[in-house]
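Peer 1: just the structure for this:
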Amino acid sequence: MSANFTLYRKGGAAFKLESRRQGQVRKVTQATFREEIMSDDSVKLALRSSVRMDFQLRDYIVYDNRPYLLNRLPEAGIDASGYYTYNLVFEGAMFELGRVAFVLPDAFGYEYYGTLAEF
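Peer 2: So this is what the prediction gives:
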């Protein structure tokens, strides 16, 4: 899996997750893509940075021409070298379906309202 990820922000801002600018080093140390039918569709990244990063909910990356959203804030820490470490989980469109309610039409004599997990 390529480690050249770009993080996009809701307002249109974008930056590369890997950078070697003066005074600032960021590196993706591990990248994992999982896709299982009706189970998982996510990209997990381990990031190491010399500066503190500000991640926001709904930030996203594009992998394989599909957007993957940051739906929860990453686990953060500091390693023995003083670098900040982040474990980010970006989720695919399948996770968006869990937030909406579905209506089963009156095909069986009654209407049913529920989430995707209830069907």
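
Peer 1: strands of the protein, start to end?
Peer 2: Listed from the start of the chain, the chain has strands (DSSP state E) covering 6-8, 14-16, 19-21, 24-36, 40-49, 60-63, 66-70, 75-78, 84-91, 101-104, 112-115.

Peer 1: what packs against the longest one?
Peer 2: If you count contacts as 3 or more Cβ pairs under 8 Å, 6 or more residues apart in numbering; DSSP states H and E, strand 24-36 packs onto strand 40-49. In short, each C-beta sits where N, CA and C put it, glycine included.

Peer 1: ok so, going back, switch the strands of the chain over to CSV; also include mean pLDDT.
Peer 2: Rendered in CSV, the data for the strands of the chain read as follows (pLDDT from 0 to 100):
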stretch, mean pLDDT
strand 6-8, 93
strand 14-16, 88
strand 19-21, 85
strand 24-36, 89
strand 40-49, 92
strand 60-63, 92
strand 66-70, 92
strand 75-78, 95
strand 84-91, 95
strand 101-104, 58
strand 112-115, 59
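
Peer 1: adding mean neighbour count, write those strands out as JSON lines.
Peer 2: Below are these laid out as JSON lines (neighbours: other Cβ atoms under 10 Å):
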{"stretch": "strand 6-8", "mean neighbour count": "16"}
{"stretch": "strand 14-16", "mean neighbour count": "12"}
{"stretch": "strand 19-21", "mean neighbour count": "11"}
{"stretch": "strand 24-36", "mean neighbour count": "14"}
{"stretch": "strand 40-49", "mean neighbour count": "19"}
{"stretch": "strand 60-63", "mean neighbour count": "18"}
{"stretch": "strand 66-70", "mean neighbour count": "18"}
{"stretch": "strand 75-78", "mean neighbour count": "12"}
{"stretch": "strand 84-91", "mean neighbour count": "19"}
{"stretch": "strand 101-104", "mean neighbour count": "10"}
{"stretch": "strand 112-115", "mean neighbour count": "11"}
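
Peer 1: thanks a lot, see you next time.
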